[in-house]
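Colleague: let me see the structure of the following:
(chains A, B, C and D)
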There are 2 protein chains.
Amino acid sequence: MALFVERGYDKTTVGDIAARAGLTERTFFNHFADKREVLFSGSDQFVKQIVDAVRATPKSASPLDAVLAGYESTSDMFAERRPFARKRSEMIAAHPDLLERELIKMMTLAGAITNVLEERGTPASSATLASETGAAIFRVAFEAWIHDPKEHSLTFQMRAARRQLERVVGRAKRVARS
Amino acid sequence: MALFVERGYDKTTVGDIAARAGLTERTFFNHFADKREVLFSGSDQFVKQIVDAVRATPKSASPLDAVLAGYESTSDMFAERRPFARKRSEMIAAHPDLLERELIKMMTLAGAITNVLEERGTPASSATLASETGAAIFRVAFEAWIHDPKEHSLTFQMRAARRQLERVVGRAKRVARS
DNA sequence: GTCTATAGTCCGATAGAC
DNA sequence: GTCTATCGGACTATAGAC
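Modeller: Residues are numbered from 1 along each chain as shown, chains lettered A, B, ... in the order given. Predicted structure coming up:
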């Protein structure tokens, strides 16, 4: 990350990264499948955290509630890392390669959540919809969280996004203008 | 596509593709930014089709209705190409590289739709939510459409997915088990 | 069209930890 | 003795510079 900020993502070679870490290029590829993965190394843990939280929600909760509870369980973790999250987010947004990787990670996560919902007895297509909808809410909330000068929590942003989604999905002919 | 089917995506080099087309490797990169793009060449037209359709829906329609109308406008186009769509979909699903590209294309499309909604007067975050939700519905519907032995239309699948989403998003404590 | 850097693979060698 | 981490060299394909 330091190197990427110093000289830019494209201008940083795998050799550079390895050298800075006191290793060789081969060793790098031993730990990471490709260059992009260095920015996503924590993602397994992130997935586990969320999946566990979904699994732990009472069965009385609706599928969507369970999904949102899963994402919200990361709120504390993110709270301490807002500046880093902001930087990382900018870096990803600026590099299509990284954005692609980010998207496939989010999709893998959504798939894992779908599986947990199915374990809980949710029918397949409802599970998919709940998990994809939850992901959309998370993305909107995360974006708001990153840029919010008032620094509300991620959970706060997710609750707001959820209420808004309910209005958007409702069959009402007219939608409030703000 | 022929080459990819013949010898597999990974085993096909850009040189192979260029040779088959009677061109050189450099010329290939003149037309496509990278190897993956050959499978997404029609995507600009796809985006235009949908964006135009969203723009053309009456303002009385809700944002989500407009988004869905956009996606549904591709139903006829897809109807004639079900076998090809199926093959392409399998190819993409089998190759993470291609899946990444597919996802970023879908995200670009969602972004374009969001912009059109904003032009129509929908507030930014509602626009994002409507467009992301619409994308989720499309994905679920497309998946069902591809595998449906009864060969219902894409529009049919989208209507079904939408009804299901409404149940999923509703605040009901209990959700129907099928 | 030429030339070149970089990413990423394959096979194998080596060394330390437990 | 097995497991795991590092390293080396040769190699191909992608992709960018010119």
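
Colleague: gap between the worst-scoring helix or strand of chain A on mean pLDDT and the chain center?
Modeller: Sorted by mean pLDDT, DSSP states H and E, the helices and strands of chain A end with helix A:2-7, the least confident at a mean of 91. A distance of 23 Å separates the centroid of the chain from that of helix A:2-7, by C-alpha atoms, centre = their mean, to the nearest Å.

Colleague: name the next helix or strand downstream of that helix, please.
Modeller: Sequence-wise, the next helix or strand downstream of helix A:2-7 (DSSP states H and E) is helix A:14-20.

Colleague: distance check, the nearest residue to A:Ile104 once chain neighbours are set aside against B:Arg81.
Modeller: In this structure, A:Ile104 finds its nearest non-sequential neighbour in B:Glu100, 4.9 Å apart by C-beta to C-beta, 6 or more residues apart in numbering or on different chains. Any C-beta I mention is one placed from the backbone N, CA and C, and that applies to glycine too. Relative to B:Arg81, B:Glu100 is positioned 23 Å away (criterion: C-beta to C-beta, to the nearest Å).

Colleague: tell me the secondary structure at A:Ala160.
Modeller: The three-state label given to A:Ala160 by DSSP: H, G, I helix; E, B strand; the rest coil is helix.

Colleague: can you tell if stretch A:68-82 touches chain B?
Modeller: No: using C-beta under 8 Å from any C-beta of the partner chain, we find that stretch A:68-82 stays clear of chain B, coming within 11.0 Å at best.

Colleague: end to end, how far does that stretch reach?
Modeller: 20 Å (C-alpha to C-alpha, to the nearest Å).

Colleague: what's in contact with that stretch?
Modeller: The set of residues that contact stretch A:68-82 without belonging to it, under C-beta atoms under 8 Å, 6 or more residues apart in numbering or on different chains, is A:46, A:49-54, A:57, A:61, A:85, A:113, A:134, A:137-138, A:141, A:145-146, A:151, A:153-155, A:158, A:162.

Colleague: are any of those residues buried, and which?
Modeller: Buried by 16 or more other C-beta atoms under 10 Å in any protein chain shown: A:49-51, A:53-54, A:57, A:61, A:85, A:113, A:134, A:137-138, A:141, A:145-146, A:153-155, A:158, A:162, out of these.

Colleague: what about those residues, which are in helices?
Modeller: Secondary structure defined by DSSP state H assigns A:49-51, A:53-54, A:85, A:113, A:134, A:137-138, A:141, A:145-146, A:154-155, A:158, A:162 of the buried ones among the contacts of stretch A:68-82 to helices.

Colleague: just these that are near chain B?
Modeller: Intersecting these with the contacts of chain B gives A:Ile137 (criterion: C-beta under 8 Å from any C-beta).

Colleague: which of B:Glu100 and B:Arg81 has more neighbours?
Modeller: Under the neighbour definition other C-beta atoms under 10 Å in any protein chain shown, B:Glu100 and B:Arg81 were set side by side, and B:Glu100 has more, 23 against 11.

Colleague: and stretch A:15-31, what's its mean pLDDT?
Modeller: Across stretch A:15-31, the average pLDDT comes to 93.

Colleague: pull the CA atoms of that stretch into PDB?
Modeller: Taking only C-alpha atoms (Å, rounded to 0.1, in the frame of the first residue of the first chain), the coordinates of stretch A:15-31 have been written out as PDB:
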ATOM      1  CA  GLY A  15       9.500  -7.000  -8.000                       C
ATOM      2  CA  ASP A  16       9.300  -3.600  -6.200                       C
ATOM      3  CA  ILE A  17       6.900  -5.000  -3.700                       C
ATOM      4  CA  ALA A  18       8.900  -8.100  -3.000                       C
ATOM      5  CA  ALA A  19      12.100  -6.100  -2.600                       C
ATOM      6  CA  ARG A  20      10.500  -3.700  -0.200                       C
ATOM      7  CA  ALA A  21       9.400  -6.700   1.900                       C
ATOM      8  CA  GLY A  22      12.900  -8.200   1.700                       C
ATOM      9  CA  LEU A  23      11.800 -11.100  -0.500                       C
ATOM     10  CA  THR A  24      11.900 -12.200  -4.000                       C
ATOM     11  CA  GLU A  25       9.300 -12.100  -6.800                       C
ATOM     12  CA  ARG A  26       8.800 -15.800  -6.600                       C
ATOM     13  CA  THR A  27       8.000 -15.600  -2.900                       C
ATOM     14  CA  PHE A  28       5.400 -13.000  -3.600                       C
ATOM     15  CA  PHE A  29       3.600 -15.200  -6.000                       C
ATOM     16  CA  ASN A  30       3.800 -17.900  -3.400                       C
ATOM     17  CA  HIS A  31       1.600 -15.800  -1.100                       C
END
